[in-house]
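Peer 1: Fold the following for me, if possible:
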Amino acid sequence: MPSTTTNLGFYKKNPSTDGNDTFDINTMLNDNWDKVDAQLGAQFADAAPTPVNLVNGLQVVDVPQTAPLENLRITGRTLVNLLGRDGNIGELGTWIGASGSSVTLDTTEYKYGSASAKATVVGANAQIRNNKGGGGYPIDNTKYYILVAEVIGNVPALAMSFENAVGGIGASTGTSVVPNSIFQTIYVTANPAQLSGVTAFYPAVVTPITPTNGQTFSADGFRMYQITQAEYTAIGSMTAAQIAMKYPYVDDAKHVSSPYVIKYGENLLPPFNEWTVNSTTIVVSPYVYSQPATIPSGAWLNVNIPVIPNKDYFLSFTTTGLTVAVFDSTASTAISAYSTNERTFNTGNNSSICVFVNGYGSGTVSNLMLNLGSTAKPFKPRNDDMLAFPNVQLASSVDGKVYDTLFKREGKYFVEKRFKDVVLDGSLPWIYGGGGTGWKYVSFGALSNSIPSSQRLVKYDGKIIGETAPLTAGDQSDLQSNGFFYISISSTDSGWGDSYTPTPQEIQAYFYGWKMSGNITDGTTPYTSGTKYWYVRNPNGTLGGWTPNLPTVRNSILPFYKLTYQLVTPTFEEIQIDGSISLHEGLNQIEVGQGIELREKMPLNSIDGIYFTVNDTRDTATYLKSPISKIINIFKNGKIESQSNRNLIAVDSTWTLNYSDVVTRGIVKPVLHKSAFDPTATYEVSYIVLDQYLLSTPVQAVTGQVASNLKTVVDVLCTNQADIEARVSANEIVARRTYDIQWQFGGVINPWGDNTYASRSRLAAINTVTQNISAGVATKVLYQNENLDNLSEYDTGLSRFTVKNSGTYLISGTLNFSPGMGAGVGCTIFVYANGAAYKTLRADNGSSNSAPMLNFVTQVNFATGSYVEVYVVTSSATVVATNTTLDITQIA
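Peer 2: So this is what the prediction gives:
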């Protein structure tokens with residue numbers, strides 16, 4: 001019988017049965033040659049790349065050819081929770097239970113933070129709602145909204161509701177769910193027709209079916225987002241799980257932060273030394289496990305692996321006597337029972353599985369492999385790829401039409417920034433403006449390249465503040481066309497009485513987190529005259545300790561105001577990355593996420609004198625930046641260390657990942673025995689942050705492409721090789737100039753590439769005429785004469801220094817004032833970059849000298865093209881005297 005070959009489908013005869021057939025040239029030769037030619041032609045043609053589209057979370061991508069993942073692109077997204085941080089219920093505050101329920105703080109069952117709001121039913125109309133003072137949360141009733149929360153309890157049903165703050169009726173109520181012992185997502189949307197006449201609302205969880213007295217329910221993670229009409233329509237066909245993923249809880253406003261992509265190896269199982277064991281076992285090599293006969297029956301080792309729900313996986317291995325099984329993540333329900341056979345299994349509804357090796361008596365398991373699909377693949381050790389973008393933030397407009405973009409070009413990664421974040425603190429040149437009864441407004445400027453009214457402002461307490469013009473009360477803001485930013489502050493926040501005008505330094509103290517007061521008792525009396533006191537403001541709104549001295553440093557426990565605004569012209573920044581990714585032929589398991597910390601130095605300490613660790617709640621000195629959700633790698637002096645998921649902390653050189661310790665800050669902490677600890681070494685850890693709602697909005701989409709045939713794979717590799725060689729050669733030149741003193745030049749080589757003073761960026765300028773300074777106005781200091789300007793970077797007409805070479809600059813000088821300056825006159829000196837305040841050079845609260853000379857010095861980093869100026873603000877009218885100097889030198 002004739003047959004065909006497996007790969008190319010060649011027609012062939014069976015000599016024993018077809019030996020006497022007539023030879024057909026077309027069938028036996030020409031058709032087969034055509035197939036060869038077509039296959040080779042397909043591999044060497046200029047084929048279009050295969051697009052790769054990724055979403056947040058775990059997914060499977062099928063590609064036709066092993067190739068690098070190219071042209072990666074991530075777009076920004078900003079979620080603005082219009083409830084601020086109120087939905088993260090750390091304390092009850094204004095959360096109440098209405099007439100049918102009493103509400104308490106539950107610190108045992110919660111989804112976010114440290115507590116939830118728990119209601120106990122005592123009558124009809126049981127609910128949990130926020131009776132925010134001032135008439136509720138304001139809304140624009142011409143927009144679309146979604147309100148979401150997580151609930152748990154034993155009442156018959158729960159639903160989410162917009163409660164009209166004016167009429168006390170539900171403007172819109174969502175579909176109810178039957179709560180149980182696991183937090184579930186509930187939500188409600190509202191459109192302009194439903195919100196007609198509504199100007200403010202209260203978020204509420206209601207009981208559409210009357211519950212029984214004594215029953216309870218809890219709620220957490222309240223958030224409300226403004227959405228587009230298209231989003232509003234699409235929500236009608238989304239599940240609650242999809243709603244939770246697309247509109248997760250975030251504190252106040254968050255951008256996409258520190259995104260990453262991980263491609264798991266073809267073998268999804270790690271080596272045995274990273275598994276959890278319940279007894280003494282022998283790991284002969286990374287993928288060979290031996291169990292001697294002396295071990296009691298029931299010995300086991302296991303490992304948890306993330307998987308895609310309802311997907312087929314193949315489990316292959318070689319065994320003598322030991323069995324392998326697959327359970328759900330809790331190891332309570334078998335997905336594939338213990339067996340010595342290789343097999344295919346389906347994950348069902350599980351997003352994580354637990355693979356067990358078990359046996360009675362002696363035995364060995366080797367080359368254990370778990371791969372996607374229903375067929376076995378040749379054994380390979382696990383080899384993951386990761387591409388991470390630490391310290392990158394990608395923002396967007398509320399409607400998502402304008403966004404930052406991360407992209408690759410010529411082997412490097414860049415971000416096109418269309419939004420800019422500014423921390424509003426006491427270093428800015430704040431100017432008093434005016435105000436009304438119970439409030440005042442201040443300003444600074446200019447925010448160069450800003451679009452008017454495009455700002456989003458997050459107050460220190462998480463309140464979202466939008467655009468209002470003109471300002472009419474506290475907690476409003478206005479970004480004008482000239483770049484000046486105005487913000488109004490209530491007297492209850494600032495402590496400034498209606499008849500009092502704060503000085504620039506007192507405004508700065510407010511933005512450093514201090515409240516001014518006229519009493520020493522509790523800080524509630526606004527200041528109008530007499531002795532001044534400043535109180536520490538706590539994050540929960542209460543006041544702490546006080547001082548009679550004007551604060552010039554930050555209150556470290558209070559967050560700053562944070563301003564985000566849109567840019568007229570986008571900027572482009574090259575960014576740091578870590579890693580690269582290639583996809584293997586066939587099915588790839590890929591994870592997309594955010595909130596990655598790379599190579600953070602570990603503040604190791606041994607609390608018990610035996611084990612060294614971090615993130616131990618018994619010692620805050622061991623805290624990393626954040627609690628850990630998942631450890632990627634641990635490094636010692638830059639090299640990856642061995643780590644294990646053992647539940648027993650061993651005495652060897654391997655790090656143990658401890659998941660069960662009650663003093664662990666987060667899900668896991670790494671632990672090392674003292675015998676392996678090197679006090680002279682530098683230890684670092686890369687990890688995924690646990691509480692991502694404090695840091696980031698989830699990545700929504702990642703796009704890329706892979707080459708689709710042999711020719712395009714080679715083309716990509718050749719291009720990448722050229723890009724790599726260009727970057728390596730540039731680094732080699734810098735290294736030689738830094739370390740090889742005999743290369744090209746004789747003598748020590750400086751960052752300018754030579755030993756000549758004249759090649760350095762250097763300015764020495766001085767003023768030749770006096771200059772009047774108005775009270776409370778940020779005024780540029782004019783230096784009319786240059787004594788030295790090596791690279792012609794200073795413009796005497798504009799008193800502006802324009803940077804030719806990016807780097808670190810030393811800025812120093814003196815500011816002389818003419819005689820007659822009153823004692824106690826405050827003075828703040830700033831360096832401006834590109835028309836906006838960049839850094840405070842000096843803040844002086846005044847002296848008894850009527851003609852003071854103030855020195856200043858600082859180091860700053862500037863990019864090529866930046867322009868630098870010096871500004872001054874004084875609390876009273878003053879005169880800058882002659883011989884005021886400015887010196888700028890590039891030092892690195």
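Peer 1: going forward, measure contacts between C-alpha atoms and count neighbours the same way
Peer 2: Fine.
Peer 1: Residues in a beta bridge with the spatially most central residue of the chain, which ones?
Peer 2: Most central in the chain under CA atoms, centre = their mean is residue 257, positioned 2.7 Å from the mean C-alpha point. Counting by DSSP bridges, residue 257 is bridged to residue 393.
Peer 1: Tell me the pLDDT of it.
Peer 2: Looking at residue 257, its pLDDT reads 96.
Peer 1: Repeat that for residue 324.
Peer 2: 94.
Peer 1: re earlier: my guess is the residue nearest to the centre of the chain meets residue 688, correct?
Peer 2: No - Residue 257 is not in contact with residue 688 according to CA atoms under 8 Å; the separation is 11.7 Å.
Peer 1: Which residues are in contact with each of these two?
Peer 2: Residues touching both residue 257 and residue 688 (CA atoms under 8 Å, 6 or more residues apart in numbering) are 594, 595.
Peer 1: rewinding a little: could you pull up the residues touching the residue nearest to the centre of the chain?
Peer 2: Taking CA under 8 Å, 6+ apart, we find residue 257 in contact with 390, 391, 392, 393, 394, 594, 595, 695, 696, 697.
Peer 1: again with residue 191
Peer 2: Neighbouring residues of residue 191 by CA under 8 Å, 6+ apart: 141, 142, 143, 144, 145.
Peer 1: try 6 Å
Peer 2: Residues near residue 191 by CA atoms under 6 Å, 6 or more residues apart in numbering: residue 144.
Peer 1: same deal with residue 474?
Peer 2: Taking CA under 6 Å, 6+ apart as the definition, contacts of residue 474 comprise 439, 488, 489, 490.
Peer 1: The last one against residue 439, yeah?
Peer 2: Spelled out, it's residue 490. Yes - when contacts are counted by CA atoms under 6 Å, residue 490 is listed as touching residue 439 (4.1 Å).
Peer 1: higher neighbour count, these two?
Peer 2: For the pair residue 490 and residue 439, the greater number of neighbours falls to residue 439 (23 against 20), based on other CA atoms under 10 Å.
Peer 1: Bridging across strands, which residues link to the more buried one?
Peer 2: Bridge pairing for residue 439 - DSSP bridges - gives residue 436, residue 490.
Peer 1: again with residue 356
Peer 2: residue 302, residue 325.
Peer 1: Kindly report the same for residue 634.
Peer 2: residue 685.
Peer 1: repeat for residue 458
Peer 2: Beta bridges link residue 458 to residue 464, residue 562, judged by DSSP bridges.
Peer 1: contacting residues for it?
Peer 2: 464, 561, 562.
Peer 1: most surrounded residue in the residues you listed?
Peer 2: residue 464 (21 neighbours).
Peer 1: Look up how far residue 561 lies from that one.
Peer 2: In this view, residue 464 and residue 561 are 10 Å apart by CA to CA, to the nearest Å.
Peer 1: Residue 234 too?
Peer 2: Look at residue 234 and residue 561: by CA to CA, they are 34 Å apart.
Peer 1: And residue 146, by the same measure?
Peer 2: 26 Å.
Peer 1: now swap in residue 128 and tell me
Peer 2: 29 Å.
Peer 1: same question, residue 141
Peer 2: Where residue 561 is concerned, residue 141 sits at a distance of 27 Å (CA to CA).
Peer 1: what's the answer for residue 520, then?
Peer 2: Counting by CA to CA, the gap from residue 520 to residue 561 is 26 Å.
Peer 1: Repeat that for residue 875.
Peer 2: In terms of CA to CA, residue 875 sits 24 Å off from residue 561.
Peer 1: just for the stretch 201-350 of the chain, where's the confidence low?
Peer 2: 279-281, 294-299 (pLDDT under 70).
Peer 1: What are the boundaries of the strands in it?
Peer 2: For the stretch 201-350 of the chain, the strands defined by DSSP state E, counting those that start in this stretch occupy 216-227, 253-257, 260-263, 276-277, 282-285, 288-291, 300-306, 312-320, 323-328, 334-339, 343-346.
Peer 1: quick one: pLDDT of residue 779?
Peer 2: Among the per-residue scores, residue 779 holds a pLDDT of 91.
Peer 1: Also residue 640?
Peer 2: 89.
Peer 1: ok, now residue 837?
Peer 2: 81.
Peer 1: distance of it from residue 784?
Peer 2: 21 Å.
Peer 1: How about residue 499?
Peer 2: Counting by CA to CA, the gap from residue 499 to residue 784 is 40 Å.
Peer 1: same check, this time on residue 460
Peer 2: On the measure of CA to CA, residue 460 and residue 784 end up 42 Å apart.
Peer 1: Look at those two and report which has more neighbours.
Peer 2: Using other CA under 10 Å, the more surrounded residue of residue 460 and residue 784 is residue 460, with 19 against 15.
Peer 1: show me what contacts residue 497?
Peer 2: Counting by CA under 6 Å, 6+ apart, residue 497 makes contact with 526, 527, 528.
Peer 1: Can you get me a residue count around the nearest residue to residue 507 once chain neighbours are set aside?
Peer 2: For residue 507, ignoring the flanking residues on the chain, the nearest one in space by CA to CA, 6 or more residues apart in numbering is residue 430 at 6.5 Å. Residue 430 is flanked by 27 other residues according to other CA under 10 Å.
Peer 1: Hmm, residue 445 and residue 430 touching each other?
Peer 2: No - the criterion here is CA under 6 Å, and residue 430 misses it with residue 445 at 8.4 Å.
Peer 1: Need the overlap of contacts for these two.
Peer 2: Counting by CA under 6 Å, 6+ apart, residue 430 and residue 445 have no common neighbour.
Peer 1: strands paired with the strand or helix carrying residue 763, and their directions?
Peer 2: Using DSSP states H and E, residue 763 maps to strand 762-766. Using DSSP bridges, the strands paired with strand 762-766 are strand 785-789 (antiparallel), strand 885-890 (antiparallel).
Peer 1: Can you name the next helix or strand after it?
Peer 2: Next along the chain after strand 762-766, taking DSSP H and E as the criterion, comes strand 771-773.
Peer 1: Quick one: list the elements packing against that next one.
Peer 2: With contacts taken as 3 or more CA pairs under 6 Å, 6 or more residues apart in numbering; DSSP states H and E, strand 771-773 sits against strand 878-880.
Peer 1: repeat that with 10 Å
Peer 2: Here strand 771-773 touches strand 779-780, strand 867-874, strand 878-880, going by 3 or more CA pairs under 10 Å, 6 or more residues apart in numbering; DSSP states H and E.
Peer 1: Run me through the strand neighbours of that strand, direction for each.
Peer 2: The pairing partners recorded for strand 771-773 under DSSP bridges are strand 878-880 (antiparallel).
Peer 1: What separates the first and last residues of stretch 791-810, distance-wise?
Peer 2: 16 Å.
Peer 1: average model confidence for that stretch?
Peer 2: 90.
Peer 1: if we can go back for a sec, using CSV, write out the CA atom coordinates for the strand holding residue 763.
Peer 2: C-alpha atoms of strand 762-766 as CSV (Å, rounded to 0.1, in the frame of the first residue of the first chain):
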residue,chain,number,x,y,z
ARG,A,762,31.4,75.8,33.6
LEU,A,763,29.8,79.2,34.3
ALA,A,764,30.7,82.0,36.7
ALA,A,765,28.2,84.9,36.6
ILE,A,766,27.7,88.0,38.7
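Peer 1: picking up where we left off before, quick one: closest of the strands of the stretch 201-350 of the chain to residue 590.
Peer 2: Comparing the strands of the stretch 201-350 of the chain by their distance to residue 590 (CA to CA), the top pick is strand 260-263, with 4.5 Å.
Peer 1: Run me through the strand neighbours of the closest one, direction for each.
Peer 2: Sheet pairing here is set by DSSP bridges, and for strand 260-263 it gives strand 385-388 (antiparallel), strand 586-593 (antiparallel).
Peer 1: now those strands in CSV, with distance to residue 407 and mean neighbour count?
Peer 2: As requested, the strands paired with strand 260-263 are exported to CSV (distance: least, CA to CA, whole Å; neighbours: other CA atoms under 10 Å):
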stretch, distance to residue 407, mean neighbour count
strand 385-388, 13, 18
strand 586-593, 16, 20
